[in-house]
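Engineer: Please work out how this folds:
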Amino acid sequence: MRVIVLFLASIMSLPAVAATLVTPHYTVTIERHCAEGNVTCDDVTYTGKSRISGNAITLRGATWHTLCADGVTPCRFLGYRFKNGNVTYVVTQDGKLEVVRNETEVLISEEGNWR
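Structural biologist: Numbers count the residues shown, from 1 in each chain. Here you go, the predicted structure:
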């Protein structure tokens, strides 16, 4: 019984996989809280900090993919999406940060480098 409890405790404390994107005005840390090997992940944390003001925001979101021909299976990884009311934060795999209000009003669009 003790072995099972220890095994379950080790699974539940899997480390988050993190990556940091640095743009001219923001530092964004993305943490995936899903098991390694999962194609999709609905438990991703976005922590964005202004390099100018120091203001920060933390959001929960998910990975973002194209869909395969069947319309269901995730194919190509595009990045991550996070919602905060009517504002969507998108961080692409190629290093673009985009913040859009009401699906059309671009508030931020910057390119950066993953570190």
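Engineer: Point to the helix or strand of this protein where mean pLDDT is at its lowest.
Structural biologist: Among the helical and strand segments of the chain, the one scoring lowest on mean pLDDT, DSSP states H and E is helix 2-12, with a mean of 37.
Engineer: could I get the helix or strand following that helix in PDB with only the CA atoms?
Structural biologist: Next along the chain after helix 2-12, taking DSSP states H and E as the criterion, comes strand 17-22. Taking Å, rounded to 0.1, in the frame of the first residue of the first chain, the C-alpha atoms of strand 17-22 are listed here in PDB:
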ATOM      1  CA  VAL A  17       7.600  22.100 -18.400                       C
ATOM      2  CA  ALA A  18       8.400  25.800 -18.800                       C
ATOM      3  CA  ALA A  19       9.700  28.100 -21.500                       C
ATOM      4  CA  THR A  20      10.200  31.800 -21.600                       C
ATOM      5  CA  LEU A  21       9.500  34.200 -24.500                       C
ATOM      6  CA  VAL A  22      11.300  37.600 -24.400                       C
END
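Engineer: And strand 17-22, what's buried?
Structural biologist: Across strand 17-22, burial judged by 16 or more other CB atoms under 10 Å covers 21-22. For every residue, glycine as well, the C-beta is placed using N, CA and C.
Engineer: can you check stretch 58-65 too?
Structural biologist: 59, 61-64.
Engineer: which sections of the chain are below the confidence cut-off?
Structural biologist: Applying pLDDT under 70 to the chain flags the ranges 1-16.
Engineer: Spit out the contact partners of residue 68.
Structural biologist: By CB atoms under 8 Å, 6 or more residues apart in numbering, the residues touching residue 68 are 74-75.
Engineer: distance of it from residue 39?
Structural biologist: 11 Å (CB to CB, to the nearest Å).
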